[in-house]
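Asker: sequence and predicted structure, then a few things I'm wondering about:
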Amino acid sequence: MSATPTVLTVCLGNICRSPTAAAAIEEAARAAGVPISVASAGTGRWHVGKPPDRRMRAAAAEDGLTLTGRAEQVDARMLAEADLVLVMDRSNLTDVQRLADDAGIRTPIRLFREFDPAADTDLEVPDPYYGGREGFTEVVAICRRTAAEVVAHLAEGTDRGTAAG
């Protein structure tokens with residue numbers, strides 16, 4: 001493992017939730033002075049090469065968060081290079097765990113909202129893609145408040161070297 005922890009955020013298409021989570025983690029890490037490398041990917045390939053969804057970029061920008069990059073599809077190499085994989089929902093969790101298991105990768109894979117201080121029993125980040133503006137705003141809020149907890153967790157080093165699951 002490198003001296004700088006690497007986080008991979010994963011959602012379905014890599015144009016809404018995972019790039020927002022990645023940007024929020026990067027921002028929280030800078031604010032805390034904690035070096036963290038962050039990447040994002042999707043389980044599907046529909047949007048590969050495209051920028052984050054314009055509605056997601058707009059909602060993030062309204063809250064002072066800038067989304068950059070182009071969509072990528074998650075692969076075994078990405079999982080192997082990460083110290084922690086954070087998925088946005090249970091479907092992503094199943095897909096990423098299957099990919100990791102098939103490749104013999106033991107990187108910890110967790111639901112992003114396990115770190116959300118305001119999460120109730122639903123630990124999934126809702127997919128805003130087919131909804132209205134409020135869904136995108138909600139995702140930004142979830143990612144912002146959860147990112148600081150992810151950074152604190154990584155600064156403590158508590159997940160490193162544990163098995164996926």
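Answerer: Yep, that arrived. Numbering: from 1, shown residues only.
Asker: flag every buried residue along the longest helix seen in the chain.
Answerer: Across the chain, the helix with the greatest residue count (assigned by DSSP state H) is helix 133-156. By neighbour count, with 16 or more other C-beta atoms under 10 Å as the criterion, the buried positions of helix 133-156 are 135-137, 139-140, 142-151, 153-154. Every residue, glycine included, has its C-beta placed from N, CA and C.
Asker: next one: stretch 84-96
Answerer: Taking 16+ other C-beta under 10 Å as the basis for neighbour counts, the residues of stretch 84-96 that come out buried are 84-89, 92-93, 95-96.
Asker: low pLDDT regions in this protein?
Answerer: Using pLDDT under 70 as the threshold, the predicted model of the chain has low-confidence ranges 1-2, 158-165.
Asker: quick check: closest non-adjacent residue to Arg17.
Answerer: Using C-beta to C-beta, 6 or more residues apart in numbering and skipping the chain neighbours, the partner closest in space to Arg17 is Cys11 (4.0 Å).
Asker: repeat for Asp116
Answerer: Taking C-beta to C-beta, 6+ apart as the measure, Asp116 lies nearest to Thr146, with 4.3 Å between them; neighbours along the chain are not counted.
Asker: can you pull the contacts of that neighbour?
Answerer: Under the criterion of C-beta atoms under 8 Å, 6 or more residues apart in numbering, the neighbours of Thr146 are 21, 24, 112-113, 115-117.
Asker: next: Glu62.
Answerer: By C-beta under 8 Å, 6+ apart, Glu62 lies in contact with 137, 140.
Asker: if I look at it, how far off is Phe136?
Answerer: Taking C-beta to C-beta, to the nearest Å as the criterion, Glu62 is separated from Phe136 by 9 Å.
Asker: many thanks, I have nothing further to ask.
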